[in-house]
Structures are given as C-alpha cells and as structure tokens.
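# my questions concern the predicted model and sequence given below.
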Amino acid sequence: MIDVENLTKRYGPVTAIRDVSFNVAPGEIVGFLGPNGAGKSTTMRILSCFMPATGGNARVAGYDVFRESMQVRRRIGYLPENVPLYTDMRVAPYLDFVAELKGVSRSHRKAHVAEVMERCQVSDMQNRLIGKLSKGYRQRVGLAQAIINDPHVLILDEPTIGLDPRQITQIRELIKSLAGEHTVILSTHILPEVSMVCSGVIIINKGSIVAQGPIDTLVEQFFPASRVHAEIFGPPEAVRTGLASIPGVTLVVDGGGTQDGLGSYLVEAPRGRDVRTEIFMLAAQQRWELRELRRVGMTLEEVFMRIVAGEETGPSEEGTPDGAVPVEPEPSTLTAEEVER
Ligand SMILES: Nc1ncnc2c1ncn2[C@@H]1O[C@H](COP(=O)(O)OP(=O)(O)OP(=O)(O)O)[C@@H](O)[C@H]1O
Ligand SMILES: [Mg+2]
C-alpha cells in the first residue's frame with residue numbers, strides 16, 4: 001500500500017534522506033522512528049505529495065506520488081508536523097470545508113463531520129475559532145481533517161504530540177481501530193506508543209533506514225539472549241557465583257541489594273534457554289530464600305537505543321530493505337540501572 005524505493009531528498013547541500021526503501025502492507029500500522037533530524041517528516045512530506053523528492057520512487061495507494069499526485073491525495077489523510085489550520089475558521093465549518101474539498105458528498109457531509117468530531121473528541125469545540133483553540137485541541141482538529149475522507153492511507157507525523165494523557169489513550173485507540181481497513185504510517189518519539197499501536201516499525205537514522213520489520217522480530221534479532229530477574233536472600237558473592245555456574249548462563253548482573261541481604265540479579269542465557277528452574281533448584285539447595293523470579297522482556301526502547309547508539313559509534317550498516325536488519329548485536333552491556341528499568 002506504501003512502496004518506497006531509493007528515495008532521496010536533498011535540501012541544497014543537506015541530504016535529508018538517502019536511498020530510503022520500505023514497504024507497508026495494506027491494513028498495517030507501522031511506526032516510523034528516528035532521532036531528531038533523522039528524516040521522518042521529510043519522508044512523510046514526500047509520501048503525502050507535499051513536496052517532491054530529489055530521486056527514487058514512491059507509490060501510495062497504488063499511485064505514483066510524483067506522476068499521479070491527485071490520485072494519491074484523494075486516497076490519503078495527512079497530519080503534518082505543524083498542523084496548518086485556518087485559524088479564522090470555526091471547527092465544524094472548517095471540517096465541512098475540508099470534507100467538501102476531499103469529495104465527501106453533500107448528503108453525507110453533515111453527519112460525517114459530526115461523527116468524525118465525535119471520534120476525535122472535538123464536538124464540544126465545534127463552534128470555536130480554530131485560532132483560539134489550545135494546542136491539544138488543534139492537534140485533534142488536525143487528526144479529524146486527516147481522517148475526514150475515510151482515506152485508504154493515513155500519514156501521521158507525531159499524532160499524539162501535545163495531547164493530555166487521557167486524550168493520548170483515546171487517540172491511540174482511534175488509530176488502532178483503523179487497522180485492517182486503513183494503512184497507517186505514524187512517526188512518534190514515544191516508543192511504548194509504537195508497541196501499543198503498531199505491528200511493525202521502520203527505524204531511520206541520519207537519513208537512512210537502519211532497521212525494519214515486525215517488532216518481535218527486531219527485538220529477537222537485536223537481543224538474542226533471554227533474561228531472568230531474580231531476587232534472592234543470600235550472601236551476594238556466593239549467589240553470583242552460583243548463578244554464573246548454571247550451564248548456559250552467559251552473564252550475571254548484580255542489581256544491588258537491600259540492607260537486610262536481599263539481592264537482585266539479572267541472569268542472561270541464550271534465547272530459548274530457560275534457566276528459571278535451575279535458579280529455583282540452586283536457591284532451594286543452598287537454602288537461600290527466593291523472593292522473585294521472572295522473565296524480563298526486551299523493550300523496543302532498548303532496541304532503538306542499541307541501533308541508534310550503534311550507528312553513532314560503529315561503522316554504519318547498509319540498509320536492508322527486505323526485512324529486519326542483520327546487525328550483529330554486541331555482547332550485553334547492561335548496567336544495574338538498566339536492569340532497574
Ligand atoms: N526545508 C528544509 N531546508 C533545509 N533543510 C531541511 C529542511 N527541512 C528539513 N531539513 C533537514 O533535513 C533533515 C531531516 O529533517 P526532518 O524534519 O525530516 O527530520 P525528522 O526526523 O522529522 O526530525 P524530528 O524528530 O525533529 O521531527 C534535518 O537535517 C533537517 O535539518
Ligand atoms: Mg519531524
């Protein structure tokens with residue numbers, strides 16, 4: 001539904017994106033991640049026909065964004081980074097105007113605008129001047145105008161920025177509810193948001209795609225280890241040595257302890273090797289009290305930090321358009337603080 005091939009954009013001497021390639025399948029919701037200045041908004045502006053690329057190809061909803069931009073525009077909803085709204089219009093007439101521009105038939109329009117205002121929770125502001133709305137409400141009106149023509153494809157540049165926590169939850173639910181019938185690409189800096197809303201991610205750094213694929217696949221590739229968090233009452237030195245001697249254990253990180261002798265430990269083993277039974281047996285054998293034993297999942301945040309930090313320090317990997325990235329993960333260097341998180 002979104003097919004991007006070797007897209008490059010130069011602003012004078014600045015190359016904002018270089019050879020960017022990715023695909024988003026119909027009905028999928030994909031998170032577009034990257035640090036500030038990585039090229040997310042640039043890519044989204046090109047996909048929404050807002051500006052041309054310097055090179056490469058992009059097809060959205062089956063049409064070429066350069067040669068068939070009118071066809072593309074009809075089928076997409078775009079929420080830009082800075083929502084350009086007519087500040088001297090009132091909310092409901094503005095949305096009605098956008099609906100008319102986007103070809104929503106006159107007979108449907110009124111009911112449709114009312115429904116979209118309800119979904120984006122702006123009904124109570126429908127008679128206000130847009131220029132007098134708070135930032136969060138403007139963002140909601142921006143989202144309302146993006147979905148007003150029930151587009152096949154939604155391109156949302158930081159859709160939840162500036163919203164209050166309750167509204168963030170509602171907007172996420174709204175976006176999630178679009179899955180299946182709509183294809184969505186959304187950029188955000190809130191990584192848990194991606195895990196909550198998206199099935200796949202595309203990570204861009206310094207203008208190049210550095211990873212893409214389903215979230216679980218990425219997490220597995222970047223963290224080929226499984227981790228267990230254990231809280232044990234026992235002499236720390238002996239506990240550490242005992243844990244490290246369990247077959248398969250590759251790393252034991254001491255997360256510190258409390259005054260009364262309760263220590264917390266993070267134990268790593270290769271993925272697929274569950275060492276929880278051995279930890280339990282060890283504690284029972286040594287008569288150490290086992291307070292807690294649980295698997296610790298890897299978060300997308302950790303994957304993101306690892307990829308982006310790796311790019312900062314190491315030689316950069318070539319982009320791999322066809323799937324998740326084959327970057328060799330470094331040995332785990334988790335600190336006790338990271339364990340806490
Ligand atoms: N109109 C412009 N003229 C010149 N350079 C630009 C222009 N717009 C963006 N850039 C540059 O292109 C690069 C990518 O910017 P872009 O806005 O796409 O990043 P982004 O990933 O959206 O960042 P952010 O997370 O801060 O929104 C940056 O180096 C930026 O300075
Ligand atoms: Mg941006």
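Arrived safely. Every value quoted in this text rests on a predicted model; they were computed, and no experiment measured them. Ligands and ions are numbered 1, 2, ... in the order given.

# now do the helices in the stretch 201-341 of the chain.
215-222, 236-244, 276-286, 300-313, 336-340 (DSSP state H, counting those that start in this stretch).

# tell me what the longest one is packed against?
If I follow you right, that is helix 300-313. On a contact count with 3 or more C-beta pairs under 8 Å, 6 or more residues apart in numbering; DSSP states H and E, helix 300-313 meets helix 191-197, strand 200-205, strand 208-214, helix 215-222. For glycine as for every other residue, the C-beta is placed from the backbone atoms N, C-alpha and C.

# a markdown table for these, including mean pLDDT, mean neighbour count and distance to residue 25?
Output for the helices and strands packed on helix 300-313, formatted as a markdown table (pLDDT from 0 to 100; neighbours: other C-beta atoms under 10 Å; distance: least, C-beta to C-beta, whole Å):
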| stretch | mean pLDDT | mean neighbour count | distance to residue 25 |
| --- | --- | --- | --- |
| helix 191-197 | 87 | 18 | 16 |
| strand 200-205 | 94 | 24 | 8 |
| strand 208-214 | 92 | 23 | 11 |
| helix 215-222 | 81 | 18 | 14 |
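
# count residues in the vicinity of the residue in the stretch 51-200 of the chain that ligand 1 sits nearest to, would you?
Ligand 1 sits closest to residue 81 of the stretch 51-200 of the chain, with a gap of 5.9 Å, by C-beta to the nearest ligand atom. Other residues near residue 81 come to 12 when the count uses other C-beta atoms under 10 Å.

# to ligand 1, which of the helices of the stretch 201-341 of the chain lies closest?
helix 300-313 (11.9 Å).

# low-confidence stretches in this protein?
Counting by pLDDT under 70, the chain shows low-confidence ranges at 310-341.

# returning to what we had before: in CSV, list the helices and strands packed on helix 300-313 along with distance to ligand 2.
Listed next are the helices and strands packed on helix 300-313 as CSV, based on distance: least, C-beta to the ion, whole Å:
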stretch, distance to ligand 2
helix 191-197, 15
strand 200-205, 11
strand 208-214, 16
helix 215-222, 21
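
# between these, which one is closest to residue 71.
Nearest of the helices and strands packed on helix 300-313 to residue 71, taken as C-beta to C-beta: strand 200-205 at 23.9 Å.

# quick one: is the closest one near ligand 1?
No. Using C-beta under 6 Å from any ligand atom, strand 200-205 never reaches ligand 1; the gap is at least 6.9 Å.

# hey, C-alpha coordinates of that strand in PDB?
What follows is strand 200-205, C-alpha atoms only, in PDB (Å, rounded to 0.1, in the frame of the first residue of the first chain):
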ATOM      1  CA  GLY A 200       5.800  -3.100  12.600                       C
ATOM      2  CA  VAL A 201       8.500  -0.500  12.800                       C
ATOM      3  CA  ILE A 202      10.800   1.300  10.500                       C
ATOM      4  CA  ILE A 203      13.800   2.900  12.100                       C
ATOM      5  CA  ILE A 204      15.600   5.800  10.300                       C
ATOM      6  CA  ASN A 205      18.800   7.400  11.400                       C
END
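
# if the residue in the stretch 101-250 of the chain that ligand 2 sits nearest to is in a bridge, with which residues?
Residue nearest to ligand 2 within the stretch 101-250 of the chain: residue 157 (6.0 Å; C-beta to the ion). Judged by DSSP bridges, the bridge partners of residue 157 are residue 187.

# how about the contacts made by it?
40-41, 44, 78-81, 186-187 (C-beta atoms under 8 Å, 6 or more residues apart in numbering).

# okay, now the sheet partners of the helix or strand harbouring residue 18, with direction.
Counting by DSSP states H and E, the element that carries residue 18 is strand 14-24. Here strand 14-24 is paired, per DSSP bridges, with strand 2-11 (antiparallel).
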